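Student: Coordinates only, no sequence provided:
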């Protein structure tokens with residue numbers, strides 16, 4: 001369960017896995033491989049919503065410009 005502090009809400013593996021709709025073990029692997037931003041507080045790993053947002057934004061794949069040309073051609077036909 002998320003922990004509320006004066007500064008920010010700290011999220012657990014389960015909280016973040018639920019948000020991303022992945023298995024908590026997948027998130028644990030990403031953290032172990034340093035592929036996901038996290039906080040290490042003693043032996044505990046925690047996350048902020050900003051970290052989750054940062055990760056989501058980093059996975060954005062922009063469409064190629066040629067795809068938009070296809071769409072324009074379809075509309076003009």
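Tutor: Perfect, thanks for sending it. Just so it is clear, the structure is predicted and the values come from calculations on it, not from any experiment.

Student: burial count for residue 13?
Tutor: Look at residue 13: counted by other Cβ atoms under 10 Å, it has 19 neighbours. From N, CA and C alone the C-beta is placed, and that goes for glycine too.

Student: my guess is it contacts residue 24, does it?
Tutor: Yes: with contact defined as Cβ atoms under 8 Å, residue 13 and residue 24 form a contacting pair (4.6 Å).

Student: got the buried residues for stretch 14-22?
Tutor: For stretch 14-22, the neighbour count (16 or more other Cβ atoms under 10 Å) marks 15-17, 20 as buried.

Student: Run through who's touching it.
Tutor: Contact partners of stretch 14-22, identified using Cβ atoms under 8 Å, 6 or more residues apart in numbering, comprise 1-2, 11, 23-24, 26-27, 47, 52, 56.

Student: Around the closest residue to residue 39 other than its chain neighbours, how many other residues sit close by?
Tutor: Counting by Cβ to Cβ, 6 or more residues apart in numbering, residue 39 lies nearest to residue 46, which is 4.8 Å off, once chain neighbours are set aside. Using other Cβ under 10 Å, residue 46 has 19 neighbouring residues.

Student: Follow the chain on from the helix or strand residue 46 falls within and name the next helix or strand.
Tutor: Assigned by DSSP states H and E, residue 46 belongs to strand 44-46. Scanning forward in sequence from strand 44-46 by DSSP H and E, the next helix or strand is helix 49-58.
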